[in-house]
Structures are given as C-alpha cells and as structure tokens.
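Enquirer: Next comes the sequence, and after it the predicted model I'd like to discuss.
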Amino acid sequence: MEEKIYIFGHKNPDTDSICSSLVSEILDKKNGWKDTEARRLGNVNKETQYVLDYLGIEAPALLEKVEEGQGVALVDHNEFNQSVEGIEKAKIWSVTDHHRIANFETSEPLYYTAKPYGCTCTILFEEFKRLGHEIGKKEAILMASAIISDTLLLKSPTTTEYDKKALEELEKIAGINVNEYGLEMLKAGTNLDDFSANELINLDAKNLDKDGTKFVIAQVNTVSIDDVLKRQAELEEAMRKEIEEKGLKLFVLAITDILNSNSKIIALGEKAETVEKAFDVKLENNTAFLPGVVSRKKQILPNIDKNI
Ligand code: MG
Ligand code: MG
Ligand code: MG
C-alpha cells in the first residue's frame, strides 16, 4: 500500500460531493488497490445531513489544505478553483467527474473518468458493475441520494438514461421509495431560515474563471422563491461584499423552485448585463425569472460562459 490518498468533492460540498467521496472509499476498499479516505472541503448542507442521519453515519472529516505531494482523488469536480487549497502541488491519482473540464492540469499521468451523466454517483454505480462488486444497502442509499439531489428527482435536463437506470436499480437495493424519500431529502435542504445572508449565498457557490474574468454562480433550492426574495436586500449586500473581496465581475444567485422547476436569478456586478444576453431577458430590480431553468451546469453556466 502506498500512502493515504484523500478523496473529496468540491468546496461548498453538495450531496453528490459527499456521497461520491464516501462511496469511492467503499469501492476502493473492495478493490484493495489503494488506501483512500473520504474528506470534505466545507460544511455539510442540510440536505446531505438528512442522508447521513438517515444512515446514522458521520460526515467525512474536514480537509482545509493539502501539502505538496499529497495523494488526492477528486470526485464531482476538476477545476482547481473549486478544489482544496494546495491542489496545484498535490499528486492527483484520479478524477471521477461529470462536469466540463477547465482550469485543470497535472504533471503526471492519472486515472480520469468523465461521463456527461447527471451525477458522479451514476459513474460510480457503473464502476461497481464494471469491477464486479456487489452493491450494499449503505452505498445504494448514498448513491441514490446523490442522483436524486443532482437531478432533482430525475426532473433536471441533466438527467440521462444512465441516471434513470441506476436509480431504478439502487431503489430496490436501498429498500426505499425514491419519490417519498427523495422529496423529504430535497425539502430538508430548503430550510434556509437560520442561515445568514452570507452563508446562504455560499451554500452552493461555484467559483468560475473565464480567461481571468472571475465570476460566481451560486444556487439555492427552495419550495418558495418569494420566501427567499423577502431577503433580497441583505442577499444583495452579501453578494456585493463578495464581489469586492474576490474581485468578481459577476455574481449570479439562482433561486431554484424544486417543485415547479423554475429559477429566479439575482445578478450583480459590472458584467451583470451578461445574463440579459445569456437568457434573452431584462433584469428588473436586478432579478430575472427563468422558466424551466434548474441546472447550473447545463442551463446557466454555459450560457453565461459564452456571453461574459
Ligand atoms: Mg456537485
Ligand atoms: Mg454532481
Ligand atoms: Mg449541484
């Protein structure tokens, strides 16, 4: 065995990031190839906590930075600006991901598994199959939860046939009713009352970089957009602070209605008008309604990236 390898998802971890790291650790133990341990790069959100409580397990330990030469395995991300501090000098063993590849390079060869699926855990589900390992109930629940989260119960346009097939099979192994369990899990993540405005805009924020133009797209899930917009003034204040501190040209907060599959965005920054071009809308009071838009990865980011 080589030295310990840390497996982790992106900063501001979501359910896929946490579950993928836990499931990867289980998969690696079954394989016995390398000694890996799941880690997280930030606080666990309420949706993910619901999953961990359901299973009666702890979240992975927090990883704040890595030393030079530390072995790491990335799941659910590849962009360095979404990864751990020190990533540039770490030894990246593997990446298992379902995002665009950007702001990423290594000096040595690595395992890289990229599939344009709705969820990293769908890729891991296929890895269990490919390697001939039986899927236990615990990892079935972890993978099902991640797929439900990333695809919003298979309603997001990011959903593929592979995600559907995986979730169908995982539902049987997990012994859950995916629709009932999934709705409870998603709703657990929409209780935003006790978060400060600053916490709220950072719950699920992605730092992005287009040829040196830095911008952030953050997202919160809700069952009532109006409820979240009651806090628009303080949210904007927190966003403006981030713009100033991080030198951002644009900060977009997408407030996504998970029941009706729509989003309202708040856009601030000197490049705020990018979103008008990107979605053919007019910003009113810094906001715009985007019917049918729920996916940052497939609907929001590509359009902004093209126009910024
Ligand atoms: Mg993710
Ligand atoms: Mg994901
Ligand atoms: Mg997400």
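Expert: Nice, I can see it. Ligands and ions are numbered 1, 2, ... in the order given.
Enquirer: pLDDT score assigned to K165?
Expert: If you check K165, the pLDDT there is 98.
Enquirer: Please, which helix or strand holds it?
Expert: Using DSSP states H and E, K165 sits in helix 161-174.
Enquirer: Return the set of buried residues in that helix.
Expert: Y162, D163, A166, L167, E169, L170, E171, I173, A174 (16 or more other Cβ atoms under 10 Å). Any C-beta I mention is one placed from the backbone N, CA and C, and that applies to glycine too.
Enquirer: show me the contacts for the nearest residue to the third one once chain neighbours are set aside.
Expert: With Cβ to Cβ, 6 or more residues apart in numbering as the measure, F125 is the residue that lies nearest to A166, at 4.3 Å, once sequence neighbours are left out. For F125, the contacting residues are I135, M143, A166, E169, L170, by Cβ atoms under 8 Å, 6 or more residues apart in numbering.
Enquirer: May I see those organised as TSV, with distance to F8 added?
Expert: TSV is the format used below for these (distance: Cβ to Cβ, whole Å):
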residue	distance to F8
I135	22
M143	17
A166	22
E169	26
L170	22
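Enquirer: And these, which is closest to ligand 2?
Expert: Top of the list for closeness to ligand 2, among the contacts of F125 and by Cβ to the ion, is M143 at 11.7 Å.
Enquirer: A strand includes the closest one, no?
Expert: No - assessed with DSSP: H, G, I helix; E, B strand; the rest coil, M143 is helix; it does not lie in a strand.
Enquirer: Please list all residues in contact with it.
Expert: C19, V23, C121, T122, L124, F125, I135, A166, L170.
Enquirer: what helices or strands is the helix or strand containing C19 leaning on?
Expert: Following DSSP H and E, one finds C19 within helix 15-31. On a contact count with 3 or more Cβ pairs under 8 Å, 6 or more residues apart in numbering; DSSP states H and E, helix 15-31 meets strand 5-8, strand 36-40, helix 46-55, strand 71-75, helix 120-130, helix 137-151.
Enquirer: Tell me which residues touch the spatially closest residue to V281 that is not a sequence neighbour, please.
Expert: Nearest residue to V281, sequence neighbours excluded (Cβ to Cβ, 6+ apart): A288, at 4.2 Å. When the contact criterion is Cβ under 8 Å, 6+ apart, the partners of A288 are K264, I265, A267, V275, E276, F279, V281, K282.
Enquirer: what kind of secondary structure is the residue nearest to the third one when sequence neighbours are not counted in?
Expert: Right, A267. Nearest-residue entry for A267: V275, 4.5 Å, with adjacent residues in sequence omitted and distances by Cβ to Cβ, 6+ apart. Following three-state DSSP, V275 is assigned to helix.
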